[in-house]
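# Here is a sequence with its predicted model. Questions after.
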Amino acid sequence: MAYQGGYGQPPPGGYQQPAGYAPPPGAFAPQNANVSPDVQRWFDVVDRDRSGKISATELKAALINGKGENFSDNACKLMISMFDTDASGTIDVQEFEKLFNYINQWLQVFKTYDRDQSGHIEEQELSQAFAQMGFRFSPEFITFLIRKSDLQNHKQISVDQFIVLCVQIQRFTEAFRVRDTQQNGTITIGFEDFLSVAIGCSI
Ligand code: CA
Ligand code: CA
């Protein structure tokens, strides 16, 4: 399960099997009849210690961004927490099916916004991406977002950084929206409420 830059021939669903891994047909008996064989196969690849659960560490080891780096700890913890419906801290195969689809959707979205197919989202692309999502952000704010995501070069955003950024903006937007009762784009917020939003929405 890897995201590679360049998009020459993306593997089906954006995932790539680790070298040397060839699941024998029928190796995974349909213990979970409602999970697709494809998802079950991926689950077994990612679940390295065969515990039947996927941890943030196992997810991190399976996901590579367009810079050839593993996804950040933040991104993996975020995605685990979003789909860990029984709050066990790990992902079972049913939860994994949703996570699997979620990641694939993000890879597709990222690919759409990465117009020059560099494997990263640059300033212009980020601006267009948010415009298509319905946000009107100033160029200064876009620059700020890139600087906060790409701490080293301040130039480009990888797919895992993009996921974290979008989820964070969605959460803050939702918190703002429920307080913007007159829908005029302005809120008055108490100090403690402000801290609740800031701490609650941070990743
Ligand atoms: Ca495991
Ligand atoms: Ca790009």
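Thanks, I have the structure now. Ligands and ions are numbered 1, 2, ... in the order given.

# what's the neighbour count on the nearest residue to residue 189 once chain neighbours are set aside?
In space, and not counting its chain neighbours, residue 189 is closest to residue 179: 6.4 Å by C-beta to C-beta, 6 or more residues apart in numbering. In this view, the C-beta of every residue, glycine as well, is placed from N, C-alpha and C. Neighbourhood size, residue 179 [other C-beta atoms under 10 Å]: 14.

# Equivalent analysis for residue 149, please.
Per other C-beta under 10 Å, the neighbour tally for residue 149 reads 20.

# Could you do the one 4 residues further on as well?
One way to gauge burial is a neighbour count; for residue 153, by other C-beta under 10 Å, it gives 9.

# tell me the secondary structure for the residue of the chain most remote from its centre?
Of all residues in the chain, residue 182 has its C-alpha farthest from the mean position, at 32.1 Å, by C-alpha atoms, centre = their mean. Assigned with DSSP: H, G, I helix; E, B strand; the rest coil, residue 182 falls in the coil class.

# contacting residues around it?
Not one residue lies near residue 182 by C-beta atoms under 8 Å, 6 or more residues apart in numbering.

# The chain should start at 531 in everything you say after this.
That works, and once the first residue is 531, the last one we named lands at residue 712.

# Thanks again, I'm all set now.
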